[in-house]
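Undergrad: got a predicted structure plus its sequence, pasted below:
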Amino acid sequence: MSDGVMILSEADTVAVALADWPAGETRAGLTATEEVKRGHKIARAAMPAGAPVVKYGQMMGVASEDIAEGAFVHTHNCAMPGDHAEMAAPRGALPEAPARTTFEGYLRPDGRVGTRNYIGIIASVNCSTTVCDAIAAEANRTLLPEFPGVDGFAPIVHAQGCGMAHQGPGYDALIRVLKGYRDHPNFGGVLIVGLGCEVNQITLYQPTDWTRERFHSFNMQDVGGSRSAVKRAMELLRPIAAAANEDTRSTQPVSKLILGMQCGGSDGFSGITCNPALGHASDLLVAAGGTSILSETPEIYGAEHLLIARAGEEGGARIRGMIDWWRDYAERNGTTLDNNPSPGNKRGGLTTILEKSLGAVAKGGLSPVSSVHGYAERIDGPGFTYMDSPGYDPVVATGQIASGANALVFTTGRGSCAGYKPTPSLKLASNSQVARSMPEDMDIDCGVILDGGVSIAEMGQTIYDRVLDMASGDKPGSEVMGYGDNEFVPWKIGATL
């Protein structure tokens, strides 16, 4: 990195502009033949049509026309290849275990640990969502002031539960998600409310042993309707809240921490700053005995070989199978896996899904892949794990939380404003411009890495410490703003009937 130019690997045929680069200006011996915006790419050498375009030491596309040295490289002259080469994975040393290996959490009777103490109001079906919202609002208004040890009453509402097959992958996924939330350690108690005639019956969600005294469920059709349901809920929630109010934090090992990692609104700097810094934090967490989760299968496409190389024979085969399933799934629905990046990603400097994926997998650091899971399958760890999911942010977070994530970190280059109750989410900005423009929502500015004053490893340590602080009760910006009531979105697979 010098003179406003970043070269990520000597094998790269493109460099990244760290500031707007006017035509005719020379930086680090390279003269721009046309304007290159901040975060975008410039050709380091001439590339004839069909030649690979290389970034991160990996193939990110092919030249769709002849590209001259110093030219702006983007969607107009760089395209997805018919097939992409799998170059050797970069190697590096894993960090030693960090000195800090504990946080303050809520030890639950089943041995899992919560980072929050919410009470969940879970809808079994879309038909009970309005009442669940009303129950949560009334409980937060009347009960919460009496019980300061409770973080809040969180409505977990969604658009599924009926008009669907009563068997198959979509039905199974919804049940896994709702059971994962029912049993989540960030809930000190749970109330499930159904309508009564839906496909997704509340009888599927009997309490586990330790939650029996803090779990209730009922159908609206059995208690007299909407207003009666709110009244009945208040009667049931008071003793649950009283019990949860007695829960206190205690010192717990990092091995009880499960970190969900995701990115959204990525830009040309995401794979250079916040993602690799989060990857280093993930490696520190794993070295300390904790668990981290990487997901978003459509957004590892083109970089899956980097994970497969670290996953062992069985795990690697399962990741390959997921990529094959997604290719078929996309084709059956009239699209392809390269139907990405989004318009915002492209404005931020990302050109192909290969480039986006190469930056996205950096969140996984360098640790071996210890296990590979389906969407919302329970993860007990330890180690760096992979969970299948779409790339749509709320669906990813919902699946990771259902799998057990009690902390989340979200990286962004364009800005993000979401939160995911009951699990707190730390936001990392890839560049200082978005950190300054959205200070209420961005928790850590990783753009300082571009200035050269802070290394990836130093930023990774900062992220690791902030995750432990958040797990111990510190509120990130999204939690302060009250996000999380509208971002529960289970993956909808299959036909609406």
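TA: Perfect, thanks for sending it.
Undergrad: now do stretch 255-273: distance from first to last residue.
TA: Terminal residues of stretch 255-273 lie 26 Å apart, using Cα to Cα, to the nearest Å.
Undergrad: any idea of the mean pLDDT for that stretch?
TA: Stretch 255-273 comes out with an average pLDDT of 94.
Undergrad: wait, Gly383 touches Pro368, no?
TA: Yes. In this structure, Gly383 is within contact of Pro368 by Cβ atoms under 8 Å, at 7.2 Å. In short, each C-beta sits where N, CA and C put it, glycine included.
Undergrad: those two: who's more crowded?
TA: In this view Gly383 and Pro368 are compared by other Cβ atoms under 10 Å, and Gly383 has more residues nearby, 16 against 13.
Undergrad: leaving out the residues flanking it, which one is nearest to Thr13?
TA: Closest residue to Thr13 apart from its sequence neighbours, by Cβ to Cβ, 6 or more residues apart in numbering: Val54 at 4.6 Å.
Undergrad: where is the longest strand in this structure?
TA: Longest strand in the chain, counting residues (DSSP state E): strand 187-194.
Undergrad: list the helices and strands that one packs on?
TA: Contact partners of strand 187-194 among helices and strands, from 3 or more Cβ pairs under 8 Å, 6 or more residues apart in numbering; DSSP states H and E: strand 118-123, helix 129-142, helix 169-182, strand 215-219, helix 226-244.
Undergrad: pairing partners for it, with directions?
TA: Applying DSSP bridges, strand 187-194 is found paired with strand 118-123 (parallel), strand 215-219 (parallel).
Undergrad: please save the CA atoms from it in CSV.
TA: The C-alpha coordinates for strand 187-194 follow below in CSV (Å, rounded to 0.1, in the frame of the first residue of the first chain):
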residue,chain,number,x,y,z
PHE,A,187,-34.1,-16.1,26.3
GLY,A,188,-34.9,-16.3,30.0
GLY,A,189,-38.4,-17.5,29.1
VAL,A,190,-40.7,-18.1,26.1
LEU,A,191,-44.3,-17.8,25.2
ILE,A,192,-45.5,-19.4,21.9
VAL,A,193,-48.8,-18.2,20.5
GLY,A,194,-50.7,-19.9,17.7
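Undergrad: CSV for the strands paired with strand 187-194, including mean pLDDT and distance to Ser292?
TA: As requested, the strands paired with strand 187-194 are exported to CSV (pLDDT from 0 to 100; distance: least, Cβ to Cβ, whole Å):
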stretch, mean pLDDT, distance to Ser292
strand 118-123, 98, 22
strand 215-219, 96, 29
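Undergrad: tell me where the model's unsure across the stretch 101-250 of the chain.
TA: Counting by pLDDT under 70, the ranges of the stretch 101-250 of the chain that qualify are 208-212.
Undergrad: pLDDT on the lengthiest helix in the chain, on average?
TA: Using DSSP state H, we find that the single longest helix of the chain is helix 312-332. Helix 312-332 shows a mean pLDDT of 95.
Undergrad: and it, what other elements does it pack with?
TA: For helix 312-332, the packing partners by 3+ Cβ pairs under 8 Å, 6+ apart are helix 304-308, strand 369-373.
Undergrad: repeat that for 10 Å
TA: helix 304-308, strand 369-373, strand 383-387 (3 or more Cβ pairs under 10 Å, 6 or more residues apart in numbering; DSSP states H and E).
Undergrad: returning to that earlier point: what is in contact with Gly383 and Pro368 at once?
TA: Residues touching both Gly383 and Pro368 (Cβ atoms under 10 Å, 6 or more residues apart in numbering) are Val286.
Undergrad: what about the strands in the stretch 1-150 of the chain?
TA: Using DSSP state E, counting those that start in this stretch, the strands of the stretch 1-150 of the chain run over 5-6, 14-17, 26-27, 30-31, 41-43, 52-55, 58-63, 72-73, 78-79, 102-107, 113-114, 118-123.
Undergrad: can I see the domain layout of the protein?
TA: According to automatic domain parsing, the chain comprises the domains 5-79, 118-244, 252-480.
Undergrad: wait, which of those is closest to Leu94?
TA: With respect to Leu94, and counting by Cβ to Cβ, the nearest of the domains of the chain is domain 252-480 at 5.6 Å.
Undergrad: how long is that closest one from one end to the other?
TA: Start-to-end, domain 252-480 (Cα to Cα) is 24 Å.
Undergrad: repeat for stretch 294-303
TA: Stretch 294-303: ends 13 Å apart by Cα to Cα.
Undergrad: about what we covered before: check the domains of the chain for me and report the most buried one.
TA: Sort the domains of the chain by mean neighbour count, taking mean count of other Cβ atoms under 10 Å, and domain 252-480 sits at the top with a mean of 22.
Undergrad: figure out how far it is from the centre of its chain.
TA: 5 Å (Cα atoms, centre = their mean, to the nearest Å).
Undergrad: for the remainder of this discussion, apply numbering that starts at 4.
TA: From this message on, residue numbering opens at 4, which makes the last subject domain 255-483.
Undergrad: list the contacts of Gly450.
TA: 21, 272, 275-277, 416, 431-439, 457.
Undergrad: now, those residues that are in helices?
TA: 277, 435-439.
Undergrad: that older thread, quick one: which of the helices and strands packed on strand 190-197 is nearest Gly487?
TA: Closest of those to Gly487 is strand 121-126, at 9.1 Å (criterion: Cβ to Cβ).
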